[in-house]
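>>> Fold the following.
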Amino acid sequence: MSTEDGLSLRQNDIAARLTCVVVGGDILAYSYVRELHRAFGIARVIVLASRDIKMLSSSRFTDYRIIEGVTTAAEVLYPALEQIALNERAGDPARRLLVLGCDDVHARLLSAGKQRLQRAGFAVPYIDFQLLDEITQKRRFYELCEELGIPYPQTWYFDCANGPDTLPVHEFSYPLIAKPSNSALFQDATVARKRKIYEIDTPDELQQVWHDIRASDYGAELVIQDFIPGGDEAIRTLTTFSDAQGNLRVVSGGVVCLQDHDPTALGNPLAIMGQREQAIIDAAAAFLKRVGYRGMANFDIKYDERDGTFRFFEVNTRCGRNTYYMSLGGVNFAELIVREFVLNEPIEYREAYEPFLYCCVPPYVLRRSVADRQLLQRALECRAVTHEPYPLAYAPDSTAHALWSWAMYLNQIRKFKRFHWDTGGKQLKE
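Next up, the predicted model:
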């Protein structure tokens with residue numbers, strides 16, 4: 001039997017014997033669906049969502065289930081997953097199960113419930129909750145960066161539950177950045193004039209943001225940071241996969257040519273061009289080894305032209321919305337998860353930097369939004385040689401899915417007009 005025949009038999013067995021469940025309904029959810037189908041021929045992925053996301057519910061590869069509260073509440077999610085496990089194993093007691101999440105809240109829920117879900121039969125590809133909770137607190141992340149010599153922005157911390165009524169706003173230099181230390185807790189909080197990340201231009205604006213958050217139900221820290229010069233083109237992203245000993249096994253990354261400028265989604269890259277930076281890889285590898293990290297991680301970084309360093313902002317303890325770019329770079333990211341957490345196979349070291357442009361916007365948006373014209377030209381050249389740069393465009397899927405996906409794609413023109421072009425590139429503040 002040839003190696004190819006052995007691999008085909010293994011893939012056929014996975015397609016018949018593995019049930020994958022995705023929690024959430026964003027671009028990453030569909031990226032899981034398409035890459036599981038592409039790697040193993042899995043033609044049915046159960047998707048649990050709290051509302052109808054048409055590009056997913058219309059897919060021929062999803063078993064789409066709407067359950068109120070399933071994406072945010074442990075008391076809803078865990079019983080729903082346990083019932084799925086019972087149903088799936090009723091006719092096949094040896095069936096394997098894998099659960100995957102899409103954002104910070106899902107990572108926390110699945111990590112916190114890991115032992116319970118494993119008892120139900122699920123492979124849960126997330127680090128233990130104690131480690132997750134530690135390294136997703138920005139203060140602790142920066143302490144580890146300091147220990148390892150990894151550059152990070154100058155940072156101040158303020159306790160939103162017990163901090164001062166007013167901040168010493170005139171002691172800072174502007175502009176600056178303000179953001180929650182705990183993104184998952186902030187995501188569920190009710191905050192007036194809420195933004196994912198706050199771009200602050202004046203002392204009065206910072207004071208208003210502080211008052212809004214202090215009056216909310218968010219009780220962790222607010223992080224205030226030095227603003228690092230540069231637009232979207234200065235942002236870097238790195239996705240890593242590491243083994244049980246924290247050894248880096250697969251890596252991919254690039255320059256963010258364009259990010260989402262909707263204030264509720266700021267920081268989500270919409271166009272990423274593959275670009276290898278050894279300093280970034282070395283820093284991430286040291287961090288992963290130091291904490292003993294297993295599985296997928298995503299690092300947010302920005303190049304600081306003032307001193308030529310790459311400054312690390314945070315680690316996301318999960319796949320990012322854009323992790324499909326690892327597949328574009330040559331390594332199917334969903335296949336890695338199955339091999340490590342379901343099949344327990346050793347993962348060979350690989351770098352996924354084949355030329356690519358991950359792109360969720362039409363070329364018109366790129367041409368009108370990317371200020372660095374040389375970067376724009378390189379990005380358009382990479383797009384021309386990238387097969388399916390848009391993660392929602394998957395030829396084997398249904399016509400209905402394609403229509404909804406392209407509607408989302410074209411809607412980016414309207415969004416960029418409102419949130420970027422009409423504001424002169426400044427963050428829209430309402």
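>>> Number of residues surrounding residue 422?
By the other C-beta atoms under 10 Å criterion, the neighbourhood of residue 422 contains 11 residues. C-betas here are computed from N, CA, C, even on glycine.
>>> residues contacting it?
With contacts defined as C-beta atoms under 8 Å, 6 or more residues apart in numbering, residue 422 has no neighbours.
>>> all strands for the stretch 1-150 of the chain, in order.
Under the criterion DSSP state E, counting those that start in this stretch, strands of the stretch 1-150 of the chain are mapped to 18-23, 45-49, 62-66, 96-101, 122-123.
>>> same thing with the stretch 151-300 of the chain?
When assigned using DSSP E, counting those that start in this stretch, the strands of the stretch 151-300 of the chain occupy the ranges 155-159, 176-180, 198-200, 221-226, 235-242, 248-259, 269-274, 295-304.
>>> would you list these in CSV and tack on mean pLDDT, distance to residue 394 and mean neighbour count?
Rendered in CSV, the data for those read as follows (pLDDT from 0 to 100; distance: least, C-beta to C-beta, whole Å; neighbours: other C-beta atoms under 10 Å):
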stretch, mean pLDDT, distance to residue 394, mean neighbour count
strand 155-159, 93, 40, 16
strand 176-180, 92, 34, 21
strand 198-200, 91, 35, 22
strand 221-226, 92, 38, 21
strand 235-242, 97, 20, 24
strand 248-259, 97, 20, 24
strand 269-274, 97, 18, 26
strand 295-304, 97, 21, 22
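>>> Show me the shaky parts of the stretch 251-400 of the chain.
Filtered on pLDDT under 70, the stretch 251-400 of the chain yields no residues whatsoever.
>>> Go again with 90.
261-268 (pLDDT under 90).
>>> Let me see the ranges of the helices in it.
Using DSSP state H, counting those that start in this stretch, the helices found in the stretch 251-400 of the chain span residues 278-291, 324-328, 333-341, 363-369, 373-385, 399-416.
>>> what inclination does the first one have with respect to strand 295-304?
Our comparison of helix 278-291 with strand 295-304, counting by axes from the mean of the first three to the mean of the last three C-alpha atoms, to 10 degrees, yields an angle of 140 degrees.
>>> re earlier: would you list the strands of the stretch 151-300 of the chain in TSV and tack on distance to residue 78?
Below are these laid out as TSV (distance: least, C-beta to C-beta, whole Å):
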stretch	distance to residue 78
strand 155-159	31
strand 176-180	26
strand 198-200	34
strand 221-226	28
strand 235-242	26
strand 248-259	30
strand 269-274	32
strand 295-304	20
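>>> Figure out which of these is closest to residue 385.
Ranking the strands of the stretch 151-300 of the chain by their distance to residue 385 (criterion: C-beta to C-beta) puts strand 269-274 first, at 11.0 Å.
>>> Packing partners of the closest one?
For strand 269-274, the helices and strands in contact under the criterion 3 or more C-beta pairs under 8 Å, 6 or more residues apart in numbering; DSSP states H and E are strand 235-242, strand 248-259, helix 324-328, strand 357-359, helix 373-385.
>>> For residue 32, see how far away residue 87 is.
In this structure, residue 87 lies at 20 Å from residue 32, with C-beta to C-beta, to the nearest Å as the measure.
>>> out of those two, which sits in the busier spot?
When neighbours are counted by other C-beta under 10 Å, residue 32 comes out ahead of the other of residue 87 and residue 32, with 26 against 11.
>>> just checking, the more buried one touches residue 22?
Yes: with contact defined as C-beta atoms under 8 Å, residue 32 counts as touching residue 22 (5.2 Å).
>>> pLDDT score for the residue nearest to residue 116 when sequence neighbours are not counted?
The shortest distance from residue 116 to any residue that is not its chain neighbour, by C-beta to C-beta, 6 or more residues apart in numbering, is 6.0 Å, and that residue is residue 78. Looking at residue 78, its pLDDT stands at 98.
>>> Likewise for residue 139?
According to the per-residue confidence, residue 139 scores 92 in pLDDT.
>>> same deal with the one 3 residues further on?
Reported pLDDT at residue 142 in the predicted model: 95.
>>> Identify the residues contacting the closest residue in space to it that isn't next to it in sequence.
Using C-beta to C-beta, 6+ apart and skipping residues adjacent in sequence, the residue nearest residue 142 is residue 152, 5.1 Å away. By C-beta under 8 Å, 6+ apart, the residues touching residue 152 are 141-142, 145-146, 311-313.
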